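A.B. asks: got a structure for you, letters missing:
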Ligand SMILES: O=C(O)CCC(=O)C(=O)O
Ligand SMILES: [Fe+2]
């Protein structure tokens, strides 16, 4: 996810380019979704994607299972990701339809999806600017490569309204998304040629007032090794 200080080579990939094109076409045809007008990256959102009762259900699970969030790389330093997270068990009868719904929305085989993550940010907590794609020069890359390869699309659902703060900010692309209960945000972490798209750098800005709850799902180009 990080790559500070290292020049990143860009790796084009026909397979990842094809996923970008097919998912974008599917989202463009979906009446629930709208595309952000932006040349540098493919970003979509769906207002009122998830009904309030399902948002509450996920919030309850996050409150029950939360633990400090982790990072793949230790280069961000303290304070980089201060939220709490939990795995949302894809086999749980409550999670399954929501989880599979995201794969279906994007048209990606559910076996390519990592375990959906619940995330909770209290006031002051944040996730500083990062890419969701893997940096192929990092030590973690061989393991990630073996376990399903590069991340392609990210799908996130905001589970509640946040009184102040907590926006998802794409500083390079110039997009700021305020949390809104039930809204879905999805973007392609790759460029059209399948190489990692630096324009997708984003952060979860500090919550100022209230608590922010989201779920995040990352999809791999191949079958994710944890998917069973
Ligand atoms: O909290 C947010 O708005 C962003 C979360 C995020 O970037 C992630 O889960 O990868
Ligand atoms: Fe992210």
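C.D. replies: Nice, I can see it. Note that the structure is predicted; figures quoted are calculated from it, not measured. Ligands and ions are numbered 1, 2, ... in the order given.
A.B. asks: how about residue 115, nearest residue that isn't a chain neighbour?
C.D. replies: In this structure, residue 115 finds its nearest non-sequential neighbour in residue 87, 4.8 Å apart by C-beta to C-beta, 6 or more residues apart in numbering. Where you see a C-beta, it was placed from the backbone N, CA and C, and this is true even at glycine.
A.B. asks: state the helix or strand in which the spatially closest residue to residue 186 that is not a sequence neighbour lies.
C.D. replies: Nearest residue to residue 186, sequence neighbours excluded (C-beta to C-beta, 6+ apart): residue 155, at 4.4 Å. Here residue 155 is covered by strand 151-158, with elements defined by DSSP states H and E.
A.B. asks: mind listing what residue 34 touches?
C.D. replies: Applying C-beta atoms under 8 Å, 6 or more residues apart in numbering, one finds that residue 34 lies in contact with 44-47.
A.B. asks: among those residues, which ones are buried?
C.D. replies: Neighbour counting with 16 or more other C-beta atoms under 10 Å marks 44-46 as buried within the contacts of residue 34.
A.B. asks: in a markdown table, list the residues you listed along with distance to residue 36, pLDDT and secondary structure.
C.D. replies: Listed next are these as a markdown table, based on distance: C-beta to C-beta, whole Å; pLDDT from 0 to 100; DSSP: H, G, I helix; E, B strand; the rest coil:
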| residue | distance to residue 36 | pLDDT | secondary structure |
| --- | --- | --- | --- |
| 44 | 7 | 98 | strand |
| 45 | 7 | 98 | strand |
| 46 | 12 | 98 | strand |
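A.B. asks: go through these and say which is closest to ligand 1.
C.D. replies: residue 45 (12.5 Å; C-beta to the nearest ligand atom).
A.B. asks: wait, the closest one touches residue 186, no?
C.D. replies: Yes. Because the distance of 7.5 Å satisfies C-beta atoms under 8 Å, residue 45 is recorded as touching residue 186.
A.B. asks: ranges for the helices of this structure?
C.D. replies: Using DSSP state H, the helices of the chain run over residues 14-28, 52-65, 96-106, 141-146.
A.B. asks: now do the first one against helix 96-106, angle only.
C.D. replies: Read it as helix 14-28. 100 degrees (axes from the mean of the first three to the mean of the last three C-alpha atoms, to 10 degrees).
A.B. asks: and helix 14-28, how far out from the chain middle?
C.D. replies: On the basis of C-alpha atoms, centre = their mean, to the nearest Å, the separation between the geometric centre of helix 14-28 and that of its chain is 17 Å.
A.B. asks: please name the residues that touch the residue nearest to residue 186.
C.D. replies: Applying C-beta under 8 Å, 6+ apart, the residues contacting residue 155 are 102, 105-106, 184-186, 216-217, 219.
A.B. asks: quick check: it vs residue 35, distance?
C.D. replies: In this view, residue 155 and residue 35 are 14 Å apart by C-beta to C-beta, to the nearest Å.
A.B. asks: try residue 82
C.D. replies: The separation that residue 82 has from residue 35, given C-beta to C-beta, amounts to 31 Å.
A.B. asks: if we can go back for a sec, what's opposite the residue nearest to residue 115 in the beta bridge?
C.D. replies: Counting by DSSP bridges, residue 87 forms beta bridges with residue 117.
A.B. asks: residues from this structure in reach of ligand 1?
C.D. replies: Applying the criterion C-beta under 6 Å from any ligand atom, the portion of the chain that neighbours ligand 1 consists of 119, 127, 132, 168, 202, 204, 214, 216.
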